[in-house]
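Peer 1: dropping the sequence and predicted coords here.
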Amino acid sequence: MTARGNLGDPLRRGAVGLMAAVLIGALVAQYVHRGLDFYNSTGLLAAVCLIVVAGAAVAMGALARFDHWAARLAVPLLFGLLLLWAWEVAVVGFQVPRVLLPAPSQIGRVLAERWDTLALDFHQTFIRSVIPGYVMGCGAGFLTAIAIDRSPFLQRGLLPLGSLVSAMPIVGIAPIMVMWFGFDWQSKAAVIVVMTFFPMLVNTLAGLQAAGSMERDLMHSYAASYPQTLTKLRLPGALPFVFNALKLNSTLALIGGIVAEFFGTPIQGMGFRISTEVARMNVDVVWATIAVAAVAGSAFFGALAAVERGLTFWHPSFRRG
Amino acid sequence: MTALDTLHPARPTLWGRLSGGHAVPVLTVLLAVLALWYAAAVWMNAPQIRDEAARNNVELSTAELVGRAYAMERPVLPAPHQIASELWRTTVAMAPTSKRSLVYHAWVTVSATLAGFAIGAVLGVVLAVGIVHSRVLDRSLMPWIIASQTIPILAIAPMIVVVLGNIGFTGVLPKAVISAYLSFFPITIGMVKGLRSPDPIQRELLHTYNATESQAFFKLRWPASVSFLFPSFKVAIALSLVGAIVGELPTGAAAGIGARLLSGSYYGQTVQIWSALFMAAFLAMLAIALVALAERAVALGRGGRL
């Protein structure tokens, strides 16, 4: 087989594309940081950047053919790196003012320099307000659902209201909660409780109805009591719905905690940091806070997804084949 | 249920029929909420009134206490009728062009909501079409689309508004960008599901007809996805409203529901905050109802089926 034939092989093409993208991409980033700006040599650099994007696309195309977990991880990672690279080169190359959009490297520097402040903010917002509010709100929603499970009347009354409230802009109650519960974590937790309660209630109620009539009849023929049917059949059956709400609420809780801090807070917290640093035009600190929030949010979500996978391994969406 | 039961179902009692529907249970729960609210208003406002009475050395009877708790100017928790009268005063009894009219502020928010929803809908559908048709896009974009929603975008809303304001974009657009970021997600997810919903057997039929990819898209995939599109739209437009409101919060926006919330919290005008909240809830219901209406219209246009 000739060399040309080898290059026709999508795998080799992918490897060549990846190497070209990485090499040329690194070179471009170097030159841009040395002060070469895009205003002077647009044509050449645009062509070079196109090669990088094309190389990365070819590499991703080759990787997307595989079903191995490493390949499934590599494709989005490559895409993310490409985005970061484009952001860096564009911001530095076009000399975008730092106030508008800082380069990723600048954000990374701030992240390292102000790590102490960011860690304190994280502690105040995430550990002290989000987690307690999340646990209380989800717990209350779950327990309420079980409490009204035996009353179809209350369910019919609460379900439409619950879905309605879920669609409402509940973050708006943040100023009221700050007035009622003060500036510290209690007011943030209260906002989160209200935000997470109804999605949990609605989903758990739907989940408790999910067990099929066949299974219920089987439990009935075993002479199982109501609590037995609940704990052995209907609660496990409701788990996919419950986790749905837990995952949805993890994002809502973080948003609620941060937005509530816009209305008043002790001098710590991610929402406080964002609102004060925006006012001071320190956009890089804001971006660093966002990076922390994004990592925390994704980790929270990922942890829930892992627990879900472990507990509801029987669900069709996790079964293979 | 035995066969005889199905043939002669027992006539339900009047109460059984009423409580079997939705109206009576929902009304009961609403009434209970209202009663609790009035009780809580007295309970939460009472300390302030007692303090004031003690300062002026006035003895208050229970009836007087309750009466004053429902008529405070800046109550801790306003009574529902106070909110209702404030809503009436600022919507119906005031010209909608006035800066103090809630209709004016609602319109500012709604315009950003609709603009953001439109951008989000187009973006969401385009992304979904790309993802369904390209394996590379599916693998590379999909994880980032899901990760994008774990970033608390509402938290960076102030920065987006400030940054876009610096480049010269002010008014509706910055808020619309936030709304679009929130609303594209459910549409993409729903549409990917919808565009993939046709059975393999149906796709194979089109294949035997030698249909092109675009024919298969317009004749099979797109019609099949419409029933997924509208539920996604309902979620998306509610999120879009939240995005627009939060976009107005921290930047000192002069108009909009969010600005009303913020100025209310600065000046302790609780009645104003609550009336803005109720307006927001009403707008959310209205938007969802309109989407449902459009859904029905589309369903009727397709012969009553979705």
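Peer 2: Sure, I can see it.
Peer 1: got the confidence number for B:Thr188?
Peer 2: In this model, B:Thr188 is scored at 90, pLDDT.
Peer 1: grab the nearest non-local neighbour of A:Lys247.
Peer 2: A:Leu304 (5.2 Å; C-beta to C-beta, 6 or more residues apart in numbering or on different chains). In short, each C-beta sits where N, CA and C put it, glycine included.
Peer 1: residues touching that neighbour, list them.
Peer 2: A:Phe243, A:Leu246, A:Lys247, A:Ser250 (C-beta atoms under 8 Å, 6 or more residues apart in numbering or on different chains).
Peer 1: how about the helix or strand hosting B:Ser240: buried residues?
Peer 2: Following DSSP states H and E, one finds B:Ser240 within helix B:222-248. Neighbour-count burial for helix B:222-248, counted by 16 or more other C-beta atoms under 10 Å in any protein chain shown, picks out B:222, B:224-225, B:227-230, B:232-248.
Peer 1: which ones among these also lie next to chain A?
Peer 2: Counting by C-beta under 8 Å from any C-beta of the partner chain, B:Lys234, B:Val235, B:Ala238, B:Leu241, B:Val242, B:Ile245, B:Val246 from those sit close to chain A.
Peer 1: what sits closest to the fourth one if chain neighbours are left out?
Peer 2: With C-beta to C-beta, 6+ apart as the measure, B:Thr113 is the residue that lies nearest to B:Leu241, at 4.8 Å, once sequence neighbours are left out.
Peer 1: check whether that neighbour really touches B:Val242, as I assumed.
Peer 2: No - if you go by C-beta atoms under 8 Å, B:Thr113 and B:Val242 don't touch, sitting 9.0 Å apart.
Peer 1: just say helix, strand or coil for A:Val99.
Peer 2: Reduced to three states with DSSP: H, G, I helix; E, B strand; the rest coil, the structure at A:Val99 is coil.
Peer 1: burial of the spatially closest residue to it that is not a sequence neighbour, as a residue count?
Peer 2: Excluding the flanking residues, the one nearest A:Val99 by C-beta to C-beta, 6+ apart is A:Met281, at 5.1 Å. A:Met281: 15 surrounding residues under other C-beta atoms under 10 Å in any protein chain shown.
Peer 1: any idea of the pLDDT on A:Met281?
Peer 2: At A:Met281, the pLDDT value in this model is 78.
Peer 1: also A:Gly5?
Peer 2: Turning to A:Gly5, the model gives it a pLDDT of 45.
Peer 1: burial count for A:Thr204?
Peer 2: 25.
Peer 1: domain assignment for the chain?
Peer 2: In the absence of a named chain, chain A is used. A:3-96, A:112-311 (automatic domain parsing).
Peer 1: not what I meant, chain B
Peer 2: B:13-77, B:102-301.
Peer 1: what about the last one, how long is it end to end?
Peer 2: With C-alpha to C-alpha, to the nearest Å applied, domain B:102-301 spans 36 Å between its terminal residues.
Peer 1: how far off centre is that domain?
Peer 2: Distance, stretch centre to chain centre, for domain B:102-301: 11 Å (C-alpha atoms, centre = their mean, to the nearest Å).
Peer 1: cool, and the shortest one?
Peer 2: Relative to the mean C-alpha coordinate of its chain, domain B:13-77 is positioned 27 Å out (C-alpha atoms, centre = their mean).
Peer 1: okay, and residue 259 sits in which element?
Peer 2: Just going to use chain A. Per DSSP H and E: helix A:235-261 holds A:Val259.
Peer 1: actually, chain B is the one I wanted.
Peer 2: Going by DSSP H and E, B:Ala259 is in helix B:257-267.
Peer 1: in the stretch 51-200 of chain B, where is pLDDT below threshold?
Peer 2: In the prediction, the stretch 51-200 of chain B carries residues with pLDDT under 70 at positions B:150, B:155.
Peer 1: let me see the ranges of the helices in it.
Peer 2: Per DSSP state H, counting those that start in this stretch, the stretch 51-200 of chain B carries helices over the ranges B:62-69, B:80-91, B:102-133, B:135-148, B:153-167, B:172-195, B:200-208.
Peer 1: what residues of the shortest one count as buried?
Peer 2: Pointing back at helix B:62-69 there. B:Leu65, B:Val66, B:Arg68, B:Ala69.
Peer 1: and it, what does it pack against?
Peer 2: Judged by 3 or more C-beta pairs under 8 Å, 6 or more residues apart in numbering or on different chains; DSSP states H and E, helix B:62-69 is in contact with helix B:23-55.
Peer 1: pull the residues that contact stretch B:103-113.
Peer 2: The contact list for stretch B:103-113 (C-beta under 8 Å, 6+ apart) reads B:90-91, B:94, B:96-98, B:172, B:175-176, B:179, B:237, B:240-241, B:243-245, B:247-248, B:255-260, B:276, B:279-280, B:283, B:287.
Peer 1: related to what we said a few turns ago, can you tell me which of the domains of chain A is most buried?
Peer 2: domain A:112-311 (a mean of 20; mean count of other C-beta atoms under 10 Å in any protein chain shown).
Peer 1: now do A:Leu161, the pLDDT please.
Peer 2: Turning to A:Leu161, the model gives it a pLDDT of 81.
Peer 1: spatially nearest residue to B:Pro186, not counting backbone neighbours?
Peer 2: The shortest distance from B:Pro186 to any non-neighbouring residue, by C-beta to C-beta, 6+ apart, is to B:Val235 (4.2 Å).
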